[in-house]
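Student: Sequence first, then the predicted structure, then my questions.
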Amino acid sequence: MSGSLTGLISHTRKVQSLYKRAVRSLEDWYDRREVFRYHAVLMRKRFDDNKNITDTRIAKELIAKGEEELFKNEHWHPRKFPESPGGVAFGRVVTPPDWVVDYWHPLEKAQYPEYFARREERKKEYVKLWEQKYGKSSSFNPPH
């Protein structure tokens with residue numbers, strides 16, 4: 001997955017993530033923009049007050065307290081972006097997989113002769129590369 005994190009997460013990244021989730025939580029609680037901005041500025045001040053702490057034990061403790069506070073103050077019905085998982089428009093437009101084009105009727109394929117000629121060439125190249133990398137499969141017998 002392209003967006004997944006692997007390995008260790010730095011302290012800076014943890015603070016950034018906590019801050020963003022805290023601000024998103026404030027958006028859930030306050031509908032009016034000016035009220036939300038007021039609380040967001042107060043939240044930023046709390047983070048800025050602790051930005052120069054160099055002792056890692058204290059910094060880790062602050063992160064843990066922040067995570068706990070965020071969990072306790074989480075909104076009961078958080079907002080979701082429409083196109084995000086859980087949003088109202090998630091998965092609304094389904095992009096069909098590439099193999100669907102192989103089942104087009106010949107009259108439909110005849111409307112795009114150059115495309116389908118190039119497509120057949122690419123499919124042969126792909127099979128050739130696959131066989132070079134993994135070898136020919138002689139044991140595969142598809143069910144009838």
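Tutor: Okay, I see it. As the structure is a computational prediction, the values presented were derived from the model and not from experiment.

Student: give me the element residue 120 is part of.
Tutor: Residue 120 is part of helix 113-134 when elements are defined by DSSP states H and E.

Student: buried stuff in that helix?
Tutor: Under the neighbour-count criterion of 16 or more other Cβ atoms under 10 Å, helix 113-134 has residue 116 buried. Where you see a C-beta, it was placed from the backbone N, CA and C, and this is true even at glycine.

Student: same question for stretch 17-36, mean pLDDT?
Tutor: Mean pLDDT, taken over the full extent of stretch 17-36, equals 96.

Student: hmm, who's touching it?
Tutor: Outside stretch 17-36, the residues within contact range by Cβ atoms under 8 Å, 6 or more residues apart in numbering are 39-40, 43-44, 47, 63, 66-67, 70, 73-75, 77-79.

Student: From residue 102, how far off is residue 119?
Tutor: Using Cβ to Cβ, to the nearest Å, one gets 9 Å for the distance from residue 119 to residue 102.
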